[in-house]
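K.L.:
pasted the sequence and its predicted model underneath.
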Amino acid sequence: MRILVTGGSGFIGSAVIRTLIANTEHAVVNFDKLTYASTEGSVAEAAQSDRYAFVQGDVCDSDAVVNAMQSHEIEAVMHLAAESHVDRSIEGPGAFMQTNIMGTYTMLEASRACGIERFHHVSTDEVFGSLAMDSPAFTEQTPYDPRSPYSASKAASDHLVRAWGETYDLDVVVTNCSNNYGPFHFPEKLIPLVTLRALAGESLPVYGTGENVRDWLYVDDHARALTKVIESGRAGETYNIGGESERTNLEVVHAICDLVDELAGALDQVPSRRDLITFVADRPGHDLRYAIDQSKIASELSWRPEQTFEQGLRRTVHWYLQNEDWWGPLVEQKATARRGLAQ
Ligand code: NAD
């Protein structure tokens, strides 16, 4: 297939492109606006392939999308481009409505106009809302109950995709996935943020009491699942994807502290990086727990995560310790922006 991957320079999109180029024969066009969240270097190796092309463009720009689809004779779309950070969606929801909702609408209309044979929409388990500690995990039938501007915008986009499948007979598949982690994760997200602050010996902010539970999936396992779904998922279906690794935020932060202590050595005068943890005021509308029942993708597409959380986290922390060239400038940009705001 000739696949247009939107958001292919982001955290998950770049893992998808690395997987498609390394493990399949598909040709890939990466369509990305290159916002602050794009990760330079994350597709550098894949870009060497003659099956890879890049188009800089906005998913809200219909002409640019249609032009990319037509000039590259695209057959299938994997739609990942989105604004993805919950805290940013609380501070400024506008960009989330524009990119996540109107961008998906534009992609669907362009797909219809260009005769796209399969539209795979990549979404999140956050659309299902918040689970009690003893509730069963989310299934594909769980009603939507989004509670942040981010998850509401993703829920809206999921509804658009299913409506275009029903109304216009577009071949659509939707995947709803739990929290990803791994290399090339932008340093504003929990695992890289805590890793880098722990490395620098800075305080480690944890929302509330750290009791919120997330299910964690190693990003390459997600990319493998997405590849199976675009290739073999049934038209009109939804697949939940999870990591079989529910952890409280505090457990995640403790595990990172211990790994950084082990891999980078102890700090002067701080016996354990766990001592750097500070509890901060909780995020408004902070969902208590997400958990995924992934029996459908396991039985239909024979997919299961390969990495345990312990293996994946060790690989991830190790990668950050080895790749300051990648994250150093991003952290510096953020510090400069913060200094600018303070003046
Ligand atoms: P990300 O923020 O790391 O990357 C998003 C990419 O999209 C960036 O490269 C950015 O430049 C691009 N982009 C943003 N706006 C664009 C626009 N208007 N036009 C074209 N490109 C644009 O996001 P991610 O974490 O890789 O997430 C990818 C997708 O997976 C999103 O749809 C997200 O909702 C979903 N998802 C993420 C997670 C997670 O844990 N990160 C979990 C489940 C689902």
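P.N.:
Perfect, thanks for sending it. Numbering: from 1, shown residues only.

K.L.:
now the closest residue to residue 3 other than its chain neighbours, which residues is it bridged with?
P.N.:
Closest residue to residue 3 apart from its sequence neighbours, by C-beta to C-beta, 6 or more residues apart in numbering: residue 76 at 4.8 Å. Placement of C-beta: from N, CA and C, glycine included. Beta bridges link residue 76 to residue 3, residue 118 when assigned by DSSP bridges.

K.L.:
list the contacts of residue 76.
P.N.:
Listed by C-beta atoms under 8 Å, 6 or more residues apart in numbering, the contact set of residue 76 reads 1-4, 116-120, 230.

K.L.:
out of those residues, which are buried?
P.N.:
3-4, 116, 118-120, 230 (16 or more other C-beta atoms under 10 Å).

K.L.:
dump the residues you listed into a markdown table; add pLDDT as well.
P.N.:
Shown next, in a markdown table, are the buried ones among the contacts of residue 76 (pLDDT from 0 to 100):
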| residue | pLDDT |
| --- | --- |
| 3 | 98 |
| 4 | 98 |
| 116 | 98 |
| 118 | 98 |
| 119 | 98 |
| 120 | 98 |
| 230 | 98 |
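
K.L.:
what about residue 211, how many residues nearby?
P.N.:
Neighbourhood size, residue 211 [other C-beta atoms under 10 Å]: 15.

K.L.:
let me know the secondary structure of residue 303.
P.N.:
Classification of residue 303 using DSSP: H, G, I helix; E, B strand; the rest coil returns coil.

K.L.:
pull out the buried residues from stretch 272-283.
P.N.:
So stretch 272-283, judged by 16+ other C-beta under 10 Å, has buried residues 273-274, 276-277.

K.L.:
out of these, which is nearest to residue 327?
P.N.:
residue 273 (17.8 Å; C-beta to C-beta).

K.L.:
excluding chain neighbours, what is closest to the closest one?
P.N.:
Sequence neighbours aside, residue 257 is the residue nearest to residue 273 in space, at 3.8 Å (criterion: C-beta to C-beta, 6+ apart).

K.L.:
equivalent analysis for residue 83, please.
P.N.:
Nearest to residue 83 is residue 96, by C-beta to C-beta, 6+ apart, at 4.6 Å.

K.L.:
return the residues of the stretch 151-300 of the chain in contact with the ligand.
P.N.:
The stretch 151-300 of the chain comes close to the ligand at residues 154, 177, 179-180, 186, as judged by C-beta under 6 Å from any ligand atom.

K.L.:
where helices are concerned, which of the residues you listed count?
P.N.:
Judged by DSSP state H, helices contain the following of these: residue 154.

K.L.:
by neighbours, which of the residues of the stretch 151-300 of the chain next to the ligand wins?
P.N.:
Neighbour counts for those (other C-beta under 10 Å) peak at residue 154, which has 29 neighbours.

K.L.:
let me see the contact set for it.
P.N.:
Contacts of residue 154 (C-beta under 8 Å, 6+ apart): 82, 100, 123-124, 126-127, 146.

K.L.:
now do the contacts for residue 149.
P.N.:
Contacts of residue 149 by C-beta under 8 Å, 6+ apart are 89-90, 93, 96-97.

K.L.:
distance check, the residue lying closest to residue 232 once chain neighbours are set aside against residue 14.
P.N.:
In space, and not counting its chain neighbours, residue 232 is closest to residue 301: 5.8 Å by C-beta to C-beta, 6+ apart. Applying C-beta to C-beta, to the nearest Å, one obtains 22 Å for the distance of residue 301 from residue 14.
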